[in-house]
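Visitor: A predicted structure for the sequence below; I have some questions about it.
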Amino acid sequence: MTNFLKKNLNEVIAFLVALFISMGIFIILDGFYAEDTSEILKDLCDAFSVTGLMYIFLGLLIFIGNDGFFSILSYGVKIIFSSFKKDPKVDKFYDHKQKRIENPSPFKHLLIVGTIYTAIGMIFLGMFYL
């Protein structure tokens, strides 16, 4: 079991954070105080679907950023913040972009967890309509 946790630590953490976000959305929607079963299912569908889609879109945004699409924006922000330093050292844009491409941010765990949570939301949606 510990090998599983070590191997899939990103997925486990993302799953637990998504569960926390889903329960927060469920509480905001007053799902615990709903009197009708269909209203509870609707709130659960909303909570899980919103969380899942948020994770999927964040993962896709990171995937696009790994290819260097947002490199000019991050380079500009880096130049602005380094201008406030006493001894500013800024790489050239090409070097900055190469470092970004060589060290991509992980995103697969976000897509996996987002897909699972969206599927759970769709299950609650199916239960709502039955």
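Guide: Structure's in. What do you need? Numbers count the residues shown, from 1 in each chain.
Visitor: which residue is nearest the middle of the chain?
Guide: Centre of the chain computed as the mean C-alpha position; nearest residue by C-alpha atoms, centre = their mean is Tyr55, 3.3 Å away.
Visitor: How about it: what's its closest non-neighbour residue?
Guide: Gly114 (3.1 Å; C-beta to C-beta, 6 or more residues apart in numbering). Glycine gets a C-beta too; all of them are placed from N, C-alpha and C.
Visitor: Check Asn10 too.
Guide: Closest residue to Asn10 in three dimensions, ignoring its sequence neighbours and counting by C-beta to C-beta, 6+ apart: His109, at 4.1 Å.
Visitor: do Phe48 as well
Guide: In space, Phe48 comes closest to Gly121 once its chain neighbours are excluded; the distance is 3.6 Å by C-beta to C-beta, 6+ apart.
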